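[1] when you get a sec, could you give me coordinates for this:
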Amino acid sequence: MTVLVLSWELHIPGCRSLKEKRTVVRSLKDRLRNKFNVSVAETGFQDVHDRAEITVALVASDGPSADRAATAIDRFVADDPRAVVGRTLREER
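    Predicted structure coming up:
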């Protein structure tokens, strides 16, 4: 069994309020949950209107399965046109 935690520091260009940011972050979190069946939360920069940190946790039966899922999830986050990925962190247990 492999547990994988992925975090992305995101910049949300053109976002002028926390309300606008919440719309983008909530949408991304919901789409990640629905598409990949993972746990996801906003874990940083809650009071900053143009930045966010999103963290995903997933459990897989083996390392290669976890790697494939992580690659797909990372690509999904990077392809979202509303946010620019600044930094990515990955922790495997």
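
[2] what segments of this protein are helices?
    Taking DSSP state H, the helices of the chain run over residues 18-36, 63-78.

[3] which one of those helices lies closest to residue 92?
    Evaluated with CB to CB, these place helix 63-78 nearest to residue 92, the distance being 6.9 Å. (C-beta placed from N, C-alpha, C; glycine too.)

[4] check contacts around residue 49.
    With contact taken as CB atoms under 8 Å, 6 or more residues apart in numbering, residue 49 is in contact with 12, 15, 16, 17, 18, 20, 21.

[5] kindly report the same for residue 69.
    With contacts defined as CB under 8 Å, 6+ apart, residue 69 is in contact with 4, 36, 38, 58, 60.

[6] and if we set it to 7 Å?
    Residue 69 makes contact with 36, 58, 60 under the criterion CB atoms under 7 Å, 6 or more residues apart in numbering.

[7] what sits against the residue nearest to the first one when sequence neighbours are not counted?
    Excluding its sequence neighbours, the residue lying closest to residue 36 (CB to CB, 6 or more residues apart in numbering) is residue 73, at 5.6 Å. Contact criterion CB under 7 Å, 6+ apart gives 6, 32, 36, 38, 56 as the residues in contact with residue 73.

[8] which of the contacts of residue 69 are buried?
    Under a neighbour-count criterion of 16 or more other CB atoms under 10 Å, the subset of those counted as buried comprises 58, 60.

[9] partner residues bridging the residue lying closest to residue 86 once chain neighbours are set aside?
    If the residues on either side of it in the chain are set aside, residue 86 comes closest to residue 9, at 4.3 Å by CB to CB, 6+ apart. Judged by DSSP bridges, the bridge partners of residue 9 are residue 53, residue 87.
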